[in-house]
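**Q** need a structure here:
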Amino acid sequence: MPHPTQNTARLTAEITQRLAYLSNDLHQLPADEAVQVIARILNPDDGILGAFTQLVEAGSRLAQHQAERGALPAEVWLSLGRAANELHSIGLDLDDHKDTFVQFGAQAGLAASKPLAPAPLVARRRR
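**A** Numbers count the residues shown, from 1 in each chain. Now for the predicted structure:
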C-alpha cells in the first residue's frame, strides 16, 4: 500500500493540473457558458473557492500547531492565517453577487436574443 504522503502529493499534482485545464477551457468557452462555470466555481456551498479557502484554513491550523511546537516559524502561521482570512473575505464579497451569476447563467439562451445594455465600469486606484 502506498504511503499517504505519496497519495497526497499525487492528488495535489492532479488537482493543480485540472485547475490549469479548467482555466484554459474557461478562456475558450462562450461568455454565457463561462459565466455558468464561474458561478459554480464561486458557489459557497460546493464551489472551488470555498473548498480552497477551507484547505488554506486547515493549513493555517496545522501551521499554528507546528509553530507552537517550535517546528515552524510563527510568521508562516500568521501568513497562512491572513491568507485564509482574505480568502474568506473575498468569498463573502463574491457571495453578494451569487444571485446575479446564477440568474445570468440561467438566462443564457435569452441573453443571445436580447443583449444586455453595457454598464459603465468603475476603476479603483490603489494608493
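
**Q** spatially central residue in the chain, please.
**A** Nearest to the geometric centre of the chain sits Leu49, at 2.5 Å (C-alpha atoms, centre = their mean).

**Q** in the helix ranked longest in the chain, what counts as buried?
**A** Across the chain, the longest stretch assigned as helix under DSSP state H is helix 4-28. By 16 or more other C-beta atoms under 10 Å, helix 4-28 has no buried positions at all. Where C-beta positions appear, they are placed from N, C-alpha and C, glycine not excepted.

**Q** next structured bit after that helix?
**A** Using DSSP states H and E, the next helix or strand after helix 4-28 towards the C-terminus is helix 31-42.

**Q** got a list of contacts for the very next helix or strand once past that following helix?
**A** Downstream of helix 31-42, the first helix or strand assigned by DSSP H and E is helix 48-69. If you take C-beta atoms under 8 Å, 6 or more residues apart in numbering as the criterion, helix 48-69 is touched by 19, 41-44, 72-74, 76-77, 80-81, 83-84, 87-88, 90-91, 94.

**Q** which other helices and strands contact the helix or strand following helix 48-69?
**A** Where DSSP H and E defines the elements, the next helix or strand beyond helix 48-69 is helix 74-95. Judged by 3 or more C-beta pairs under 8 Å, 6 or more residues apart in numbering; DSSP states H and E, helix 74-95 is in contact with helix 31-42, helix 48-69.
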